[in-house]
Every structure is written in C-alpha cells, then in structure tokens.
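Chemist: how would this look folded up:
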Amino acid sequence: MQSIKGKIAVITGASKGIGLATAEKFATQGANLVLVARSHELLNNVTQKLKKYGVDVISVPADLTKAEEVEKVFEKVKSYFQRVDILVNNAGRGIFNYIEHGSPKEWKEVIDLNLTGLIHCTHMAVKMMIPQRSGHIVNISSVAGRVGIPGWSVYCATKWAVVGFSESIRKELIKYNIRVTVIEPGVVTTEWGENMPEEWIRSRASMRALKAVDVAEAIYYVVTQPEYVSVNELLIRPTEQER
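Modeler: From the prediction side, this is the model:
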C-alpha cells in the first residue's frame, strides 16, 4: 500500500456527501487538501474541521459549470501548492424527469457539471501532472453509467460518458505514469437527487444503502495501491440492490 501522506489532493463536491467523507479520510491519512464546492459557508466549516488533523487545507468556492471558475481553482492550486497528485472528480447533479417533460436548460445544467466540468477539471489537473510524470485521476460515475434508468436519462447519459472518457484518457496518460480510475457507486445515503418521486424516496429509505464513508474507503483503496497497480474501474453496490 502506498501512503498519501503529504500528497496534494483536489476534491470537488467536497462540502457534503461522498466528497466530504473522502476529504476526511484523506485528511486522517495526512494528505493536504484543496476542497471545491459552490457553498462558501459549508466549505469554510469543513476546512476548519479538517485542519485539526494537522494537514494543510484550502477551500475554493467555485461553480464548475463555468470555465473561468474551473481555471480559478487550479490557479489557486498552482500558486499555493505548485503541484497536484490526486484529483477526485466527485461534483455531480441528478434531476429526475421523463424526457417529454425536460427542458434544454435542465439538461444543460446536468451535462455542464457532470461531464463538461469534470473534463475541464481533468484537463487542468493533467497539465500539472504531466511534468511531474505522476498523478491519479478518480472520476465518480455511477451504476447509472452501466444501465439505463427511466426518469434519469440525462444523468445516465453523463455517467456513461464519464466511463468512456475515463477509459480513453487512461490510455492517453499511461506514458506519463498517470493513473485513471472510474468509481461507480450504487445507491448511497446522501442528499443527492432533485425532483425525486415519492416511490424513489421510499425505495431508497427502505434499503440498507451505502454510506458516503463506504465510497470514500473505495476511493482511498484505489489511490493507495502500489504505483505499478492501476485499478481502472470499481463498481460498488449495496448488497440488496438488484440493478
């Protein structure tokens, strides 16, 4: 197992859920953190909480659907740390809607965050990793990146795209010793999901779902493998989940 102590990790969607759990796990293991989310207040609270582990933590409030704000994040990383070792592309959004009821505005919001923002963050991180000839990109997809789910068509489309993007860049980046992992959680007990129908809410509540910390442990597992080991894809579901 490879230590992440002293490494610089950028985590998006870090103010709650999987991102927050991952930030806390990394902090306990000595990683220095750049935390990214839209909420300035939530990020400040998390930053103060994690500093107790004796690591360097900075927060960068940003809307990752805006190119200039993505670039601002990595300008801050470069000026503060001068490098990045791990990028966890966790920020994401899902809006339940059948295709006949959707709107271009809604579709664009989901695609711009889940896919375009993820690609842009990866682009910026990789430009810093290539001169180092090391690094690890962890993209959070979903079981919805493997199966089509009624009501989640646009969300599924973005997550399928994340899988294809991850496999493509994995092949591009081998020569720079940069590893790429896509993680696909099933149902997780978080605040994720907008416009969810009651039947979905009841189904999730009745299941012994994954916790955010379970996914954080999976992320920690992949980034601590020996340098010659690359976990390319990790699908993690609750035992009770069929699909």
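Chemist: Going by C-alpha atoms from here, please, whenever you check contacts or count neighbours.
Modeler: OK.
Chemist: This protein: helices as residue ranges?
Modeler: Assignment of helices within the chain using DSSP state H yields the ranges 17-28, 40-50, 67-80, 104-111, 118-132, 153-173, 198-206, 212-223.
Chemist: what residues are up against the residue of the chain most remote from its centre?
Modeler: Distance from the C-alpha centroid of the chain, by Cα atoms, centre = their mean, peaks at residue 100 (29.3 Å). Residues near residue 100 by Cα atoms under 8 Å, 6 or more residues apart in numbering: none.
Chemist: Show the model's pLDDT score for it.
Modeler: According to the prediction, residue 100 has pLDDT 96.
Chemist: contacting residues for the residue nearest to the spatial centre of the chain?
Modeler: What sits nearest the mean C-alpha location of the chain, by Cα atoms, centre = their mean, is residue 90, with 1.5 Å. By Cα under 8 Å, 6+ apart, residue 90 lies in contact with 11, 12, 13, 14, 18, 19, 139, 140.
Chemist: Neighbours of the closest residue to the third one other than its chain neighbours, how many?
Modeler: Closest residue to residue 13 apart from its sequence neighbours, by Cα to Cα, 6 or more residues apart in numbering: residue 91 at 4.0 Å. Number of residues near residue 91 (other Cα atoms under 10 Å) recorded here: 26.
Chemist: doesn't residue 176 make contact with residue 170?
Modeler: No. In this structure residue 170 lies outside contact range of residue 176 using Cα atoms under 8 Å: 10.2 Å.
Chemist: more neighbours, the two?
Modeler: residue 170 (21 against 15).
Chemist: The more buried one and residue 162: what is the separation?
Modeler: Going from residue 170 to residue 162 by Cα to Cα, to the nearest Å gives 12 Å.
Chemist: Next: residue 77.
Modeler: For residue 77, the distance to residue 162 - Cα to Cα - is 24 Å.
Chemist: again, but for residue 203
Modeler: For residue 203 relative to residue 162 (Cα to Cα), the value is 26 Å.
Chemist: residues contacting residue 169?
Modeler: Residue 169 touches residue 180, counting by Cα under 8 Å, 6+ apart.
Chemist: between residue 203 and residue 162, who's got more neighbours?
Modeler: A count of neighbours by other Cα under 10 Å puts residue 162 above the other of residue 203 and residue 162, at 24 against 9.
Chemist: Quick check, pLDDT for the more buried one.
Modeler: So residue 162 comes in at 98 (pLDDT).
Chemist: what's near enough to touch it?
Modeler: 115, 139, 141, 145, 182.
Chemist: Confirm for me that the third one is in contact with residue 166.
Modeler: No. With contact defined as Cα under 8 Å, residue 141 does not reach residue 166; the gap is 9.6 Å.
Chemist: which residues are in contact with both of those two?
Modeler: Common neighbours of residue 141 and residue 166 (Cα under 8 Å, 6+ apart) are residue 182.
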